[in-house]
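# Build me a structure from this.
(one chain, ligands or ions: 3)
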Amino acid sequence: MGAAQQPTYPDASALDLAVDRLRTSPPLVFAGECDDLKSKIADVVRGEAFILQGGDCAETFAGVTADNVRNKLRVLLQMAVVLTYAGSVPVVKLGRIAGQYAKPRSSDFETRDGVTLPAYRGDAVNGYDFTEASRIPDPQRLVDVYNNSAATLNLVRAFTTGGYADLRQVHTWNTDFVRSSPAGRRYEKMAAEIEKALEFMTAIGADPKEFHGVDFYNSHEALVLEYEHALTRIDSRTNAPYDVSAHMVWIGERTRQLSGAHVELLSHIQNPIGVKLGPTTSPDDALALAAKLNPANEAGRLTFITRFGAGKIREGLPPLLEKAKAEGLNVAWICDPMHGNTFEATSGYKTRSFDDVIDEVQGFFDAHRSVGTWPGGLHVELTGDDVTECVGGGEMLSDEDLNQRYESVCDPRLNRVQSLEMAFLVADMLAAGRTRA
Ligand SMILES: O=C[C@H](O)[C@H](O)COP(=O)(O)O
Ligand SMILES: C=C(OP(=O)(O)O)C(=O)O
Ligand SMILES: [Mn+2]
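Numbers count the residues shown, from 1 in each chain. Ligands and ions are numbered 1, 2, ... in the order given. Take a look at the predicted model:
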């Protein structure tokens, strides 16, 4: 069986050149950082922390600007602080960022006005423009992915350690359009309480440097095997292979075949890894994936990202949780409430309803509560901008609003206000679990 969802490059020598370039390029992340993330995910496995993983469905090279990166980071920081404060749980912050450039597709082709061309597979593979030339897979794009990921990560590191993410800035993240929304006002009140608490802590002698930066990690779907393989290095400390293209990588719903090439490649790297599990996953499928990908049952190594859809999660998830619990599986369970809830609006746009997204998260919490397992986190497609891609939410975006600012090149993302609303709703779910426990 060939590897699923791979580009077919017309020019093999150009691919060799790109891969050679990547093989000799410096790592984007360090193995020790991947280990740190793994130990934080181990806290999630033990029910002591919560993961917030979020970002674009598909990053684009054109989207690598200071504003864009800062806006995405800012909404993630705001969501994380809401979950930490209102949900009373430590939050592991993980961007779908600095490498999320390759897309699996349902169909190999796209037809517009009677013209059929190869599907867009992300900036890692081909161009979004609907022309024959742009849709030809170009291996030089893999080198562009590396360079754009390096630039993004550099900025992310500067923002997260250079003062922008200082908890004492909690008010300033609530800027412009978000501030006037109900979620923005709730945030404003919470930020005032946090500021007071920080002043109190400083007054009793806490070191303000403690609040200065945050640990922030990055992740993407490991899809194009040539890229991930070329960026796998032997770590000098441990002599073990790490995929140094990101701290964490995951296997998508379309490439999780047990004997497939993606599972094989990721079984050999030491990074923390994820696997998406859709509604066709049986409890035995999940166990077999865990046995192959985490044979030592190491806590923090494996995260299952469930994406059942709001209508299926309440029935589909509990059998998986029960079996995993009975077998003593050390795994973090996180909820992707996006990919099982996509539909085409009458306007033709791919969209998701905010209510379905929240309903799936509620179903996820209910399933974990009924089985006695820990709802370990969220995996969300979102943006820091004021886009109109998902319907509903407090702004009550409708089908007719979608054309105002639909910018995603793949799946619809929650906008900044919807993301903040989600954080408060999920913090309430976390808090409700605590009072019941
Ligand atoms: O992001 C996920 C997939 O790439 C996406 O959902 C597939 O979308 P498609 O069904 O339009 O190919
Ligand atoms: C492709 C994606 O999801 P899934 O593999 O769950 O369909 C994605 O996360 O963008
Ligand atoms: Mn997507």
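
# Which neighbouring elements make contact with the helix or strand harbouring residue 303?
When elements are assigned from DSSP states H and E, residue 303 belongs to strand 302-306. Helices and strands touching strand 302-306, by 3 or more CB pairs under 8 Å, 6 or more residues apart in numbering; DSSP states H and E, are strand 248-251, strand 273-277, helix 283-293, helix 313-326, strand 332-335. The way it works is simple: take the backbone N, C-alpha and C, and place the C-beta from them, glycine included.

# Around ligand 2, which positions in the chain sit nearby?
57, 104, 221, 252, 253, 254, 276, 307, 339, 411 (CB under 6 Å from any ligand atom).

# Can you sort out which of the residues you listed also neighbour ligand 3?
When the residues of the chain next to ligand 2 are checked against ligand 3 using CB under 5 Å from the ion, the ones in range are 57, 411.

# out of the residues of the chain next to ligand 2, who has the most neighbours?
Neighbour count (other CB atoms under 10 Å) singles out residue 221 as the most crowded of the residues of the chain next to ligand 2, with 28 neighbours.

# so what's that one bridging to?
Taking DSSP bridges as the rule, residue 221 bridges to residue 250.

# just to revisit the earlier point, how about the strand holding residue 303, does it reach ligand 1?
No - under the criterion of CB under 6 Å from any ligand atom, ligand 1 is not reached by strand 302-306; the shortest gap measures 12.2 Å.

# ranges for the strands of the chain?
50-55, 91-96, 109-112, 115-118, 216-221, 232-234, 241-243, 248-251, 273-277, 302-306, 332-335, 342-344, 350-352, 377-381 (DSSP state E).

# What number of residues are in the vicinity of the residue lying closest to residue 34 once chain neighbours are set aside?
Once flanking residues are discounted, residue 34 sits nearest to residue 271: 4.6 Å by CB to CB, 6 or more residues apart in numbering. Residues lying near residue 271 (other CB under 10 Å) number 26.

# Which residues are in contact with residue 271?
34, 38, 242, 243, 246, 247, 248, 249 (CB atoms under 8 Å, 6 or more residues apart in numbering).

# With neighbour count as new columns, can those residues be given to me in a markdown table?
What follows is those, written out as a markdown table (neighbours: other CB atoms under 10 Å):
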| residue | neighbour count |
| --- | --- |
| 34 | 23 |
| 38 | 20 |
| 242 | 23 |
| 243 | 28 |
| 246 | 29 |
| 247 | 29 |
| 248 | 26 |
| 249 | 25 |
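
# Among those, which one lies nearest to ligand 1?
residue 249 (15.1 Å; CB to the nearest ligand atom).

# Quick check: the closest one vs ligand 3, distance?
Computed with CB to the ion, to the nearest Å, the distance linking residue 249 and ligand 3 is 15 Å.

# Now that residue. Nearest residue, chain neighbours left out?
Using CB to CB, 6+ apart, the nearest residue to residue 249 is residue 222, at 3.9 Å.

# Could I get the contacting residues of the one you found?
Residue 222 neighbours (CB under 8 Å, 6+ apart): 228, 243, 245, 249, 250, 251, 262, 265, 266, 273.

# between those, which is closest to ligand 1?
Using CB to the nearest ligand atom, those come closest to ligand 1 at residue 250, 11.8 Å.

# In contact with whichever residue of the stretch 251-400 of the chain sits closest to ligand 2, which residues?
For the stretch 251-400 of the chain and ligand 2, the shortest gap (CB to the nearest ligand atom) falls at residue 252, measuring 3.0 Å. Residues near residue 252 by CB under 8 Å, 6+ apart: 5, 104, 221, 223, 262, 276.
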